[in-house]
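In: Quick one: sequence plus predicted model below, questions after.
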Amino acid sequence: LSYGSSSPALSNRRRFPTFFRTHPSATLHNPTRVQLFKKWGWTKIATIQQTEEVFTSTLDDLDRRVKEAGLEITFRQSFFSDPSASVRNLKRQDARIIVGLFYETVARKVFCEVYKEKLYGKKYVWFLIGWYANKWFRTPDPSINCTAAEMAEAVEGHITTEIVMLNPENTRSISNMTSQEFINKLEKRLGNNPKETGGYQEAPLAYDAIWALALALNKTAQELAKQGVGLDEFNYNNKTITDEIYRALNSSAFEGVSGHVVFDASGSRMAWTLIEQLQGEGTWADNRVTTLGDTQGPSGDTQGPSGGAPPSDYTKVIITFRFLSQKLFISVAVLASLGIVLAVVCLAFNIYNGHVRYIQNSQPYLNNMTAVGCTLALAAVFPLGLDGYHIGPGLFPLVCQARLWLLGLGFSLGYGSMFTKIWWVHTVFTKKDDKKDKRKARNSRGIPGAAGGWGSLEPWKLYATVGGLVGFDVVTLSVWQIVDPLHRTIEEFTKEEPKSDMDVSILPQLEHCSSTKMNTWLGIFYGFKGLLLLLGIFLAYETKSISTEKINDHRAVGMAIYNVAVLCLITAPVTLILSSQQDAAFAFASLAVVFSSYITLVVLFMRRLITRGEWQSEQQDTMKTGSSTNNNEEEKSRLLEKENRELEKIIAEKEERVSELRQQLQARQQLQLRSRR
């Protein structure tokens with residue numbers, strides 16, 4: 001007969017056939033715990049235990065009962081002596097409702113770690129064993145490095161479930177003492193600080209255990225007397241006396257100082273359950289009668305463990321999307337809209353004045369392509385700024401494709417037409433320099449010619465070059481869209497905990513346009529565009545000193561290429577790096593598009609718009625006065641080009657004549673050599 005054993009294993013009648021105890025099994029509290037979980041709306045429970053058989057079997061029983069109630073133990077931790085890792089794991093798993101089973105000395109270690117990990121407060125509820133000594137957390141312990149104040153802060157608000165060890169009713173027990181009279185006598189014998197004495201709480205159980213044994217022996221003696229047998233004949237091999245003692249204890253029922261004493265079929269005490277919560281080192285207590293696994297109370301009202309609404313058993317995760325700043329989007333959209341208007345004005349101006357020689361000598365069709373390209377690039381700013389704030393997930397892939405096509409085609413038309421001009425200026429003049437070098441190598445006779453000649457320029461070649469660049473984009477983007485289309489992907493960031501709500505964490509998410517082989521496609525796309533930009537810078541530098549009237553704005557084109565190339569080469573890698581910062585990435589990408597488009601339009605068209613009156617009047621004077629055109633630089637250039645072509649023709653004829661004479665001279669020399677032989 002035991003008064004302090006609570007291990008569920010002792011209820012096994014096969015292993016312990018004659019064991020009784022006035023302290024119930026530790027599993028007696030599990031139905032109460034489950035009822036509390038259900039009353040306070042908790043479905044996710046975590047446990048932490050010292051690795052002892054009594055605690056393991058108790059948690060196994062709790063696990064079974066929790067599942068039967070439709071609840072769940074989501075996380076279970078155990079440890080031998082050091083609880084630090086287990087407590088950290090509870091924190092990592094966001095455990096909120098925690099059942100802890102360990103001895104008192106280990107409990108101090110656990111709650112020292114709980115304090116360090118901040119696993120306490122209003123959003124946490126700890127369920128502990130109720131038979132620890134009073135103010136157990138303030139007992140000096142050299143094995144922990146937490147102060148008494150820190151320990152008190154960590155254990156504040158924890159809930160204990162324990163049997164009622166002292167009858168709360170002022171009734172006479174079988175010993176003719178009330179429970180209060182028993183306590184008074186006990187404390188008088190214990191002296192100072194009786195409540196902090198080990199075993200103080202179990203004293204009523206020990207007292208009632210003695211009474212249970214005495215009553216059982218009396219009853220056994222009476223039954224044995226009928227058979228002519230006495231208790232003094234008892235030994236451990238005498239099954240008759242053993243069975244009588246067993247029957248007497250098993251049928252025990254009396255009022256003790258701990259309450260009504262009665263044993264179940266497994267020999268365990270059936271008792272009330274006391275639910276307590278530590279509040280400011282006092283206790284909030286509520287008696288509950290546990291009968292057949294059900295929890296009943298004196299009233300139907302149930303408060304939360306902290307006096308208010310119960311905390312949540314998990315952190316509610318609220319998903320919030322990081323959207324682009326609308327002020328930034330509107331500001332850039334206004335700039336892009338004004339840029340589109342400017343591009344349309346420039347395009348209309350170029351088309352309207354396309355018959356003027358000054359405009360014709362700038363290759364107006366290429367300039368028209370530049371204006372259209374700038375318009376497409378500026379239009380791409382709008383889908384760049386569209387996100388989940390404006391559109392749903394279903395439309396997001398279409399926006400992704402719009403971004404890609406508008407930027408790709410806008411670049412190929414806008415930059416490609418300027419690149420084509422510089423390319424052909426460099427190509428034609430490089431060929432002319434090669435011809436001059438060949439003439440000098442042949443030691444031909446010098447014939448004066450005109451500088452700055454252009455030779456034959458076929459416009460269709462220029463348009464074909466731009467078409468090739470656009471065609472490359474169309475093919476690449478089409479294959480990309482068919483084979484590996486862009487779709488909506490979500491980037492998740494670290495959870496954020498708002499200060500205002502302890503049961504909520506915010507999970508920021510950001511929408512992206514992506515595909516399975518995104519890096520490969522970007523490598524192809526950016527690689528080709530990057531080569532064009534670098535080559536454009538080189539050609540612009542090489543042709544900066546060339547003067548020609550066939551493309552009279554190639555120097556302005558070179559300046560525009562410099563600006564566009566620098567902006568693009570800087571912006572492309574920066575936007576990839578800043579992809580997780582939606583405002584910064586959009587600002588870099590969109591402003592690069594806006595500024596490069598503005599610079600291109602201003603450099604190529606604004607000078608013509610400003611000086612429109614000058615070259616229009618010159619054009620009118622040229623049409624009125626045919627004889628005065630000889631004084632015009634354009635006419636001079638035309639005449640010089642004509643003269644140059646004639647001189648080139650003469651040079652070709654002379655070179656052909658020289659070649660014939662050399663052949664005749666070689667033939668004569670060979671005849672003379674033969675005649676000498």
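Out: Noted; the coordinates are in hand.
In: Sketch out the low-pLDDT regions of the stretch 301-450 of the chain for me.
Out: For the stretch 301-450 of the chain, the stretches with pLDDT under 70 are 301-308, 354-356, 358-362, 431-450.
In: where exactly do the helices run in it?
Out: Counting by DSSP state H, counting those that start in this stretch, the stretch 301-450 of the chain has helices at residues 326-352, 357-360, 364-379, 381-384, 396-441.
In: Those: which one's closest to Ala464?
Out: When those are compared by C-beta to C-beta, helix 396-441 sits nearest Ala464, at 9.1 Å. C-beta: built from backbone N, CA, C; applies to glycine.
In: In the very next helix or strand once past the closest one, which residues are buried?
Out: Sequence-wise, the next helix or strand downstream of helix 396-441 (DSSP states H and E) is helix 459-483. For helix 459-483, burial by neighbour count (16 or more other C-beta atoms under 10 Å) applies to Leu462, Tyr463, Thr465, Val466, Gly467, Leu469, Val470, Phe472, Asp473, Leu477, Trp480, Gln481.
In: in this protein, which segments are predicted with low confidence?
Out: For the chain, the stretches flagged by pLDDT under 70 are 281-308, 354-356, 358-362, 431-457, 500-502, 547-554, 611-635, 677.
In: what's the domain layout of it?
Out: 8-314, 325-432+462-619, 638-677 (automatic domain parsing).
In: How far off centre is the first one?
Out: It refers to domain 8-314. 45 Å (C-alpha atoms, centre = their mean, to the nearest Å).
In: what's the first-to-last distance across that domain?
Out: End-to-end distance for domain 8-314: 30 Å, by C-alpha to C-alpha, to the nearest Å.
In: for stretch 263-271, same thing?
Out: For stretch 263-271, the first-to-last residue distance is 9 Å (C-alpha to C-alpha).
In: quick revisit: using a markdown table, please lay out the buried residues of helix 459-483 together with distance to Val593.
Out: As requested, the buried residues of helix 459-483 are arranged in a markdown table below (distance: C-beta to C-beta, whole Å):
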| residue | distance to Val593 |
| --- | --- |
| Leu462 | 25 |
| Tyr463 | 25 |
| Thr465 | 23 |
| Val466 | 20 |
| Gly467 | 23 |
| Leu469 | 18 |
| Val470 | 18 |
| Phe472 | 20 |
| Asp473 | 16 |
| Leu477 | 17 |
| Trp480 | 20 |
| Gln481 | 21 |
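In: Using TSV, lay out the domains of the chain together with distance to Leu1.
Out: Formatted as TSV, the domains of the chain follow (distance: least, C-beta to C-beta, whole Å):
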stretch	distance to Leu1
domain 8-314	5
domain 325-432+462-619	48
domain 638-677	126
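In: out of those, nearest to Ser2?
Out: Taking C-beta to C-beta, domain 8-314 is the member of the domains of the chain nearest to Ser2, at 4.3 Å.
In: Distance from the chain centre to stretch 462-470, please.
Out: Centroid separation for stretch 462-470 versus its chain: 43 Å, with C-alpha atoms, centre = their mean.
In: Go ahead and name everything in contact with it.
Out: Applying C-beta atoms under 8 Å, 6 or more residues apart in numbering, the external contacts of stretch 462-470 come out as 363, 365-366, 369, 409, 412-413, 416-417, 419-421, 423-424, 532.
In: which one of the residues you listed is nearest Glu491?
Out: Leu409 (27.8 Å).
In: Flag every buried residue along stretch 148-160.
Out: For stretch 148-160, by 16+ other C-beta under 10 Å, it's Glu150, Met151, Ala152, Glu153, Ala154, Val155, Glu156, Gly157, His158, Ile159, Thr160.
In: er, stretch 84-91 actually
Out: Result for stretch 84-91 [16+ other C-beta under 10 Å]: buried residues Ser86, Val87, Asn89, Leu90.
In: Let me see the contact set for the third one.
Out: Listed by C-beta under 8 Å, 6+ apart, the contact partners of Asn89 are Phe75, Gln77.
In: Of the buried residues of stretch 84-91, which is the nearest to Gln227?
Out: Nearest to Gln227 among the buried residues of stretch 84-91, counting by C-beta to C-beta, is Ser86 at 57.2 Å.
In: Spatially, which residue comes closest to that closest one, not counting chain neighbours?
Out: Nearest in space to Ser86, with sequence neighbours left out and distances taken as C-beta to C-beta, 6 or more residues apart in numbering, is Gln77 at 3.9 Å.
In: Cool, thanks, talk later.
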